[in-house]
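>>> Quick one: sequence plus predicted model below, questions after.
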Amino acid sequence: MTLNPNLPIPLAPMNNEPLRLSEQLAQLHLSFILENHQPLAAQAAREQWSHEQYLGRLIEGECQRRQDRCVARRLAAARFPFIKTLDQFDWTWPKKINRPQVQHLFGLGFVQEKANVTFVGGVGLGKSHLAIALGHAACLRGHSVLFTTAVEAINTLAAAQAQSRLKTELKKFLAPTILVCDELGYLPIDKIGADLLFQIISGRYEKGSTIITTNQIYKNWSRIFNNDSTITSAVLDRLLHHAETVIVEGKSYRMKDRIEEP
(Lines give C-alpha, C1' and ligand atoms only; values in the text may rest on other atoms or scores of the structure.)
Protein backbone atom coordinates (compact mmCIF):
# COMPACT_ATOMS: atom_id res chain seq x y z
CA MET A 1 0.00 0.00 0.00
CA THR A 2 1.35 3.43 -0.98
CA LEU A 3 0.90 6.29 1.48
CA ASN A 4 -0.51 9.53 0.18
CA PRO A 5 2.23 12.18 0.78
CA ASN A 6 -0.47 14.81 1.18
CA LEU A 7 -1.95 13.10 4.20
CA PRO A 8 -0.57 13.87 7.72
CA ILE A 9 1.71 11.25 9.29
CA PRO A 10 -0.26 9.37 11.93
CA LEU A 11 0.83 10.04 15.51
CA ALA A 12 1.33 7.37 18.15
CA PRO A 13 -1.72 6.74 20.29
CA MET A 14 -1.95 9.06 23.28
CA ASN A 15 -2.00 6.14 25.71
CA ASN A 16 1.59 5.37 24.67
CA GLU A 17 2.84 8.85 25.56
CA PRO A 18 4.03 8.09 29.14
CA LEU A 19 6.00 5.06 27.96
CA ARG A 20 7.48 6.93 25.00
CA LEU A 21 8.46 9.85 27.24
CA SER A 22 10.18 7.51 29.71
CA GLU A 23 12.09 5.83 26.89
CA GLN A 24 13.22 9.18 25.49
CA LEU A 25 14.32 10.46 28.89
CA ALA A 26 16.28 7.28 29.47
CA GLN A 27 17.88 7.57 26.02
CA LEU A 28 18.95 11.15 26.84
CA HIS A 29 20.27 10.04 30.26
CA LEU A 30 18.01 12.53 32.05
CA SER A 31 17.69 10.33 35.12
CA PHE A 32 16.37 12.94 37.55
CA ILE A 33 13.64 14.04 35.16
CA LEU A 34 12.81 10.41 34.39
CA GLU A 35 12.39 9.62 38.09
CA ASN A 36 10.64 12.82 39.13
CA HIS A 37 8.57 14.25 36.28
CA GLN A 38 5.41 12.48 37.40
CA PRO A 39 5.67 13.24 41.17
CA LEU A 40 6.56 16.85 40.40
CA ALA A 41 3.68 17.08 37.92
CA ALA A 42 1.30 16.01 40.72
CA GLN A 43 2.86 18.56 43.07
CA ALA A 44 2.65 21.23 40.39
CA ALA A 45 -1.08 20.54 39.99
CA ARG A 46 -1.70 20.71 43.74
CA GLU A 47 0.28 23.90 44.22
CA GLN A 48 -0.73 25.48 40.91
CA TRP A 49 2.76 25.97 39.55
CA SER A 50 3.18 27.58 36.14
CA HIS A 51 4.65 25.56 33.31
CA GLU A 52 7.89 27.51 33.75
CA GLN A 53 8.05 26.65 37.46
CA TYR A 54 7.48 22.96 36.78
CA LEU A 55 10.10 22.88 34.03
CA GLY A 56 12.49 24.88 36.20
CA ARG A 57 12.25 22.36 39.07
CA LEU A 58 12.97 19.49 36.71
CA ILE A 59 15.98 21.17 35.11
CA GLU A 60 17.33 22.34 38.46
CA GLY A 61 17.17 18.81 39.83
CA GLU A 62 18.82 17.36 36.74
CA CYS A 63 21.64 19.91 36.89
CA GLN A 64 22.24 19.25 40.59
CA ARG A 65 22.37 15.49 40.03
CA ARG A 66 24.89 15.90 37.21
CA GLN A 67 26.98 18.23 39.33
CA ASP A 68 26.95 15.73 42.20
CA ARG A 69 28.08 12.96 39.86
CA CYS A 70 30.91 15.12 38.51
CA VAL A 71 32.09 15.84 42.05
CA ALA A 72 31.93 12.13 42.90
CA ARG A 73 34.03 11.29 39.83
CA ARG A 74 36.62 13.94 40.70
CA LEU A 75 36.85 12.70 44.29
CA ALA A 76 37.29 9.10 43.10
CA ALA A 77 39.98 10.17 40.62
CA ALA A 78 41.80 12.14 43.35
CA ARG A 79 42.48 8.92 45.29
CA PHE A 80 42.43 10.56 48.70
CA PRO A 81 43.26 8.03 51.44
CA PHE A 82 40.47 9.62 53.49
CA ILE A 83 38.32 12.73 53.34
CA LYS A 84 39.15 15.70 55.54
CA THR A 85 37.71 19.21 55.60
CA LEU A 86 38.89 22.48 57.05
CA ASP A 87 35.97 22.46 59.50
CA GLN A 88 37.36 19.28 61.05
CA PHE A 89 40.78 20.77 61.75
CA ASP A 90 41.64 21.34 65.43
CA TRP A 91 43.14 24.83 65.49
CA THR A 92 43.82 24.63 69.23
CA TRP A 93 46.44 21.89 68.98
CA PRO A 94 49.37 23.28 66.95
CA LYS A 95 51.60 25.56 68.96
CA LYS A 96 52.10 27.72 65.89
CA ILE A 97 50.08 28.03 62.68
CA ASN A 98 48.99 31.04 60.66
CA ARG A 99 45.24 30.48 60.63
CA PRO A 100 44.34 33.46 58.38
CA GLN A 101 46.94 32.30 55.86
CA VAL A 102 45.48 28.79 55.76
CA GLN A 103 41.90 30.04 55.52
CA HIS A 104 42.91 32.35 52.67
CA LEU A 105 44.30 29.36 50.76
CA PHE A 106 40.85 27.79 50.76
CA GLY A 107 39.70 30.65 48.54
CA LEU A 108 41.76 28.73 45.93
CA GLY A 109 43.33 31.83 44.43
CA PHE A 110 46.62 29.95 44.23
CA VAL A 111 45.04 27.52 41.76
CA GLN A 112 44.29 30.29 39.28
CA GLU A 113 47.87 31.53 39.67
CA LYS A 114 49.26 28.00 39.23
CA ALA A 115 51.13 28.55 42.47
CA ASN A 116 52.26 25.94 44.97
CA VAL A 117 51.64 25.34 48.67
CA THR A 118 54.01 23.67 51.12
CA PHE A 119 53.02 22.60 54.62
CA VAL A 120 56.16 22.29 56.76
CA GLY A 121 56.23 20.77 60.24
CA GLY A 122 56.83 17.73 62.41
CA VAL A 123 54.77 14.56 62.40
CA GLY A 124 51.20 14.50 63.67
CA LEU A 125 50.47 18.21 63.31
CA GLY A 126 47.74 18.02 60.67
CA LYS A 127 49.76 18.81 57.55
CA SER A 128 48.21 15.93 55.60
CA HIS A 129 44.79 16.87 56.95
CA LEU A 130 45.11 20.40 55.59
CA ALA A 131 46.57 19.26 52.27
CA ILE A 132 43.77 16.76 51.71
CA ALA A 133 41.13 19.26 52.83
CA LEU A 134 42.54 21.77 50.34
CA GLY A 135 42.45 19.17 47.57
CA HIS A 136 38.92 18.18 48.57
CA ALA A 137 37.76 21.80 48.44
CA ALA A 138 39.28 22.11 44.97
CA CYS A 139 37.38 19.01 43.80
CA LEU A 140 34.12 20.55 44.98
CA ARG A 141 34.96 23.68 42.99
CA GLY A 142 35.49 21.76 39.76
CA HIS A 143 39.26 21.20 39.72
CA SER A 144 40.99 17.92 38.96
CA VAL A 145 43.18 16.65 41.82
CA LEU A 146 45.50 13.71 42.39
CA PHE A 147 46.83 12.61 45.79
CA THR A 148 50.05 10.65 46.16
CA THR A 149 52.84 10.20 48.65
CA ALA A 150 56.31 11.13 47.49
CA VAL A 151 57.50 7.53 47.81
CA GLU A 152 54.47 6.17 45.94
CA ALA A 153 55.07 8.58 43.07
CA ILE A 154 58.74 7.64 42.86
CA ASN A 155 58.03 3.90 42.98
CA THR A 156 55.36 4.23 40.30
CA LEU A 157 57.65 6.17 37.97
CA ALA A 158 60.65 3.91 38.66
CA ALA A 159 58.60 0.85 37.69
CA ALA A 160 57.35 2.64 34.57
CA GLN A 161 60.89 3.66 33.64
CA ALA A 162 62.04 0.04 33.88
CA GLN A 163 59.25 -0.90 31.45
CA SER A 164 59.89 2.03 29.07
CA ARG A 165 56.59 3.66 30.04
CA LEU A 166 57.95 6.65 31.94
CA LYS A 167 56.55 9.32 29.62
CA THR A 168 53.05 7.84 29.77
CA GLU A 169 53.07 7.38 33.53
CA LEU A 170 54.55 10.81 34.15
CA LYS A 171 51.59 12.43 32.40
CA LYS A 172 49.30 11.13 35.16
CA PHE A 173 51.17 13.32 37.67
CA LEU A 174 51.37 16.32 35.36
CA ALA A 175 47.78 16.38 34.09
CA PRO A 176 45.73 17.28 37.22
CA THR A 177 45.13 20.91 38.09
CA ILE A 178 46.42 20.10 41.59
CA LEU A 179 48.87 17.41 42.69
CA VAL A 180 48.98 16.69 46.42
CA CYS A 181 52.38 15.16 47.24
CA ASP A 182 52.36 13.95 50.83
CA GLU A 183 55.21 12.99 53.19
CA LEU A 184 58.15 14.40 51.26
CA GLY A 185 61.30 13.78 53.27
CA TYR A 186 59.98 11.06 55.56
CA LEU A 187 61.97 8.34 53.80
CA PRO A 188 65.36 8.61 52.06
CA ILE A 189 65.38 9.01 48.29
CA ASP A 190 68.17 7.72 46.07
CA LYS A 191 69.48 9.52 43.00
CA ILE A 192 66.99 7.86 40.65
CA GLY A 193 64.12 8.82 42.96
CA ALA A 194 65.41 12.39 43.21
CA ASP A 195 65.59 12.66 39.42
CA LEU A 196 62.06 11.32 39.01
CA LEU A 197 60.61 13.65 41.63
CA PHE A 198 62.35 16.55 39.94
CA GLN A 199 60.66 15.61 36.67
CA ILE A 200 57.26 15.89 38.34
CA ILE A 201 57.95 19.28 39.90
CA SER A 202 59.68 20.60 36.80
CA GLY A 203 56.90 19.35 34.53
CA ARG A 204 54.22 21.03 36.64
CA TYR A 205 56.08 24.35 36.89
CA GLU A 206 53.68 27.18 35.94
CA LYS A 207 51.26 24.60 34.48
CA GLY A 208 49.51 23.45 37.66
CA SER A 209 49.59 23.72 41.43
CA THR A 210 51.46 21.32 43.67
CA ILE A 211 50.66 20.91 47.37
CA ILE A 212 53.47 19.36 49.39
CA THR A 213 53.70 18.23 52.99
CA THR A 214 57.14 17.77 54.48
CA ASN A 215 58.87 17.43 57.82
CA GLN A 216 62.00 19.16 56.52
CA ILE A 217 62.63 22.90 56.38
CA TYR A 218 63.94 24.11 53.03
CA LYS A 219 67.58 24.43 54.07
CA ASN A 220 67.57 20.67 54.80
CA TRP A 221 66.04 19.62 51.49
CA SER A 222 69.38 18.46 50.14
CA ARG A 223 68.95 15.52 52.54
CA ILE A 224 65.73 14.65 50.73
CA PHE A 225 67.34 14.74 47.30
CA ASN A 226 70.26 12.43 48.00
CA ASN A 227 72.51 15.35 48.96
CA ASP A 228 72.47 16.49 45.33
CA SER A 229 72.77 20.26 45.58
CA THR A 230 72.08 20.75 41.87
CA ILE A 231 68.73 18.95 41.89
CA THR A 232 67.81 20.48 45.25
CA SER A 233 68.42 24.00 43.95
CA ALA A 234 66.50 23.27 40.75
CA VAL A 235 63.52 21.86 42.68
CA LEU A 236 63.38 24.76 45.13
CA ASP A 237 63.75 27.29 42.33
CA ARG A 238 60.66 25.96 40.54
CA LEU A 239 58.66 25.14 43.62
CA LEU A 240 59.14 28.45 45.43
CA HIS A 241 58.90 30.83 42.49
CA HIS A 242 55.13 31.05 43.02
CA ALA A 243 54.45 29.52 46.42
CA GLU A 244 52.98 29.82 49.89
CA THR A 245 54.69 28.14 52.82
CA VAL A 246 52.66 27.22 55.90
CA ILE A 247 54.71 26.49 59.02
CA VAL A 248 53.09 24.21 61.60
CA GLU A 249 54.77 23.74 64.98
CA GLY A 250 53.87 21.75 68.06
CA LYS A 251 53.64 18.21 69.36
CA SER A 252 52.09 15.28 67.54
CA TYR A 253 48.29 15.26 67.74
CA ARG A 254 48.38 11.46 67.55
CA MET A 255 50.25 11.49 70.86
CA LYS A 256 47.72 13.90 72.37
CA ASP A 257 46.12 11.45 74.82
CA ARG A 258 49.48 10.21 76.11
CA ILE A 259 50.84 13.71 76.43
CA GLU A 260 47.84 14.81 78.47
CA GLU A 261 48.04 11.84 80.87
CA PRO A 262 48.98 12.92 84.43
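Yes, it's here.

>>> Pairing partners for the helix or strand where Thr210 lies, with directions?
Here Thr210 is covered by strand 209-214, with elements defined by DSSP states H and E. Using DSSP bridges, strand 209-214 pairs in its sheet with strand 116-121 (parallel), strand 178-184 (parallel).

>>> Give me the buried stretch members for the last one, please.
Translated: strand 178-184. Judged by neighbour count using 16 or more other Cβ atoms under 10 Å, the buried positions of strand 178-184 are Ile178, Leu179, Val180, Cys181, Asp182, Glu183, Leu184. C-beta: built from backbone N, CA, C; applies to glycine.

>>> domain parsing for the protein?
Split into domains by automatic domain parsing, the chain comes to 15-73, 86-259.

>>> possible to save the buried residues of strand 178-184 as CSV with pLDDT and distance to Ile247?
Formatted as CSV, the buried residues of strand 178-184 follow (pLDDT from 0 to 100; distance: Cβ to Cβ, whole Å):
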residue, pLDDT, distance to Ile247
Ile178, 98, 21
Leu179, 98, 21
Val180, 98, 18
Cys181, 98, 18
Asp182, 98, 17
Glu183, 96, 17
Leu184, 96, 15
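
>>> Looking at those residues, which one is closest to Ala42?
Using Cβ to Cβ, the shortest approach to Ala42 within the buried residues of strand 178-184 belongs to Ile178, at 44.6 Å.

>>> measure that closest one to Leu157 for me?
Ile178 sits 19 Å away from Leu157, going by Cβ to Cβ, to the nearest Å.

>>> Below-threshold pLDDT in the stretch 151-262 of the chain: ranges please.
Low-confidence segments of the stretch 151-262 of the chain, defined by pLDDT under 70: 253-262.

>>> re the thing from before, would you mind finding the most buried of the domains of the chain?
Among those, domain 86-259 has the highest mean neighbour count (mean count of other Cβ atoms under 10 Å), at a mean of 17.

>>> Helix or strand next in line after the host helix or strand of Asn155, which one?
Here Asn155 sits within helix 150-162, counting by DSSP H and E. The C-terminal neighbour of helix 150-162 among helices and strands, as given by DSSP H and E, is helix 166-174.

>>> Who are the packing partners of that next one?
Other helices and strands packing on helix 166-174, by 3 or more Cβ pairs under 8 Å, 6 or more residues apart in numbering; DSSP states H and E, are strand 145-149, helix 150-162, helix 191-204.

>>> Could you dump those into TSV with distance to Leu21 added?
Below are the helices and strands packed on helix 166-174 laid out as TSV (distance: least, Cβ to Cβ, whole Å):
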stretch	distance to Leu21
strand 145-149	39
helix 150-162	49
helix 191-204	48
